[in-house]
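Colleague: sequence-free structure coming up:
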């Protein structure tokens, strides 16, 4: 069981809590697309750099990250 949790760090509001047996990159894209459409695109995203985000192909993808963090390490990026 995996849970995608999206939280606004400023207001501490839970924007999305999505439980699933498995979380795919396309499921992640869908959740983020809905949030971006309703709330606007964020200036910063903080991630645990999990496999779903790596497969998504963000700036912290596959061959390493801009800041050198590996999978499971918290990454904060303003570019998504």
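Modeller: Ah, there it is. Just so it is clear, the structure is predicted and the values come from calculations on it, not from any experiment.
Colleague: Can you name the next helix or strand after the longest helix along the chain?
Modeller: Longest helix in the chain, counting residues (DSSP state H): helix 25-39. Going down the chain from helix 25-39, the next helix or strand is strand 45-47, by DSSP states H and E.
Colleague: helices or strands up against the helix or strand following that next one?
Modeller: Per DSSP H and E, the first helix or strand lying C-terminal to strand 45-47 is helix 51-56. For helix 51-56, the helices and strands in contact under the criterion 3 or more C-beta pairs under 8 Å, 6 or more residues apart in numbering; DSSP states H and E are helix 25-39. Placement of C-beta: from N, CA and C, glycine included.
Colleague: Pull the residues that contact the helix it packs on.
Modeller: 4, 6, 15-16, 18, 20, 42, 52-53, 55-57 (C-beta atoms under 8 Å, 6 or more residues apart in numbering).
Colleague: These into TSV, with extra columns for neighbour count?
Modeller: Shown next, in TSV, are the contacts of helix 25-39 (neighbours: other C-beta atoms under 10 Å):
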residue	neighbour count
4	17
6	17
15	15
16	12
18	14
20	12
42	16
52	20
53	23
55	16
56	19
57	11
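Colleague: Pretty sure residue 46 sits against residue 6.
Modeller: No: counting by C-beta atoms under 8 Å, residue 46 stays clear of residue 6, with 10.2 Å between them.
Colleague: ok, and for stretch 10-30, which residues are buried?
Modeller: 23, 25, 27-28 (16 or more other C-beta atoms under 10 Å).
Colleague: can you check stretch 30-42 too?
Modeller: Buried residues in stretch 30-42 (16+ other C-beta under 10 Å): 31-32, 35, 42.
Colleague: which one of these is nearest residue 11?
Modeller: Among the buried residues of stretch 30-42, residue 42 lies closest to residue 11 (C-beta to C-beta), at 12.3 Å.
Colleague: picking that back up, Throw the contacts of helix 25-39 into TSV and include pLDDT, thanks.
Modeller: Listed next are the contacts of helix 25-39 as TSV, based on pLDDT from 0 to 100:
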residue	pLDDT
4	90
6	92
15	95
16	95
18	94
20	91
42	87
52	76
53	73
55	72
56	67
57	65
